[in-house]
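**Student:** Have a look at this prediction, sequence included:
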Amino acid sequence: MKATDLAFNQRLGLVAAPAGAAHLLELPLTAALHNHLGSMHAAAQFALAEAASAECLQRHFGAALGEVFAVVRGVEVKYRKPATGDLRAFGAPDENTRDHLVAEFAARGRCSAVIRVDLKDHAGTLTFHGKFDWFISRVPPPAP
């Protein structure tokens, strides 16, 4: 499942980045997403970043892991500058996740992953930086 398939993300207006883009997802700034200052609401930015972390996991590891159960366990967030325009979400696994996730999952049937996400406007201004900690396990077999 892609992050853009979820009804909540569709309601927010999240869209996939164009093919070949360096970023994963986009979120246009609409009137519904404004905060009391006229910039993008922190909750909308957080939703974009969380969706981008899931999309990053899927793109980097989906083929190797197959069907899994994955949930966010923890998040560190830093809002850097007000988001006054459309945002682009960039994501990447940290070094440990990139180097060890597939082997750990194969050996144990579960693992943790850390995905770092930056949100930037079209000018490249960093508005948000986050670190998303994921727990991933095999999907349990169906009950008889």
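**Tutor:** Sure, I can see it. Numbers count the residues shown, from 1 in each chain.
**Student:** Tell me the bridge partners for Y79.
**Tutor:** Under DSSP bridges, the beta-bridge partners of Y79 are F128.
**Student:** neighbours around it, how many?
**Tutor:** As a burial measure, Y79 scores 14 neighbours (other C-beta atoms under 10 Å). Using the backbone N, CA and C atoms, a C-beta is placed for each residue, glycine as well.
**Student:** Likewise for D121?
**Tutor:** Each residue near D121 was counted by other C-beta under 10 Å, and the total is 18.
**Student:** residues contacting it?
**Tutor:** 83-88, 127 (C-beta atoms under 8 Å, 6 or more residues apart in numbering).
**Student:** Buried members of these into ChimeraX, please.
**Tutor:** Isolation of the buried members of the contacts of D121 (16 or more other C-beta atoms under 10 Å) is achieved in ChimeraX through the command below:
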select :83,84,87,88,127
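**Student:** how close does A42 get to R98?
**Tutor:** 29 Å (C-beta to C-beta, to the nearest Å).
**Student:** need the longest helix for this protein.
**Tutor:** Determined from DSSP state H, the single longest helix within the chain is helix 42-65.
**Student:** buried residues in it?
**Tutor:** Using 16+ other C-beta under 10 Å as the test for burial, helix 42-65 gives 44-58, 60-61, 65.
**Student:** next one: phi and psi at the closest residue to S39 other than its chain neighbours?
**Tutor:** Nearest residue to S39, sequence neighbours excluded (C-beta to C-beta, 6 or more residues apart in numbering): P82, at 3.9 Å. Taking degrees, to the nearest 10, you get phi -60, psi 140 for the backbone angles of P82.
**Student:** Which residue ranges of the protein form helices?
**Tutor:** Ranges of helices in the chain, per DSSP H, are 7-12, 42-65, 95-108.
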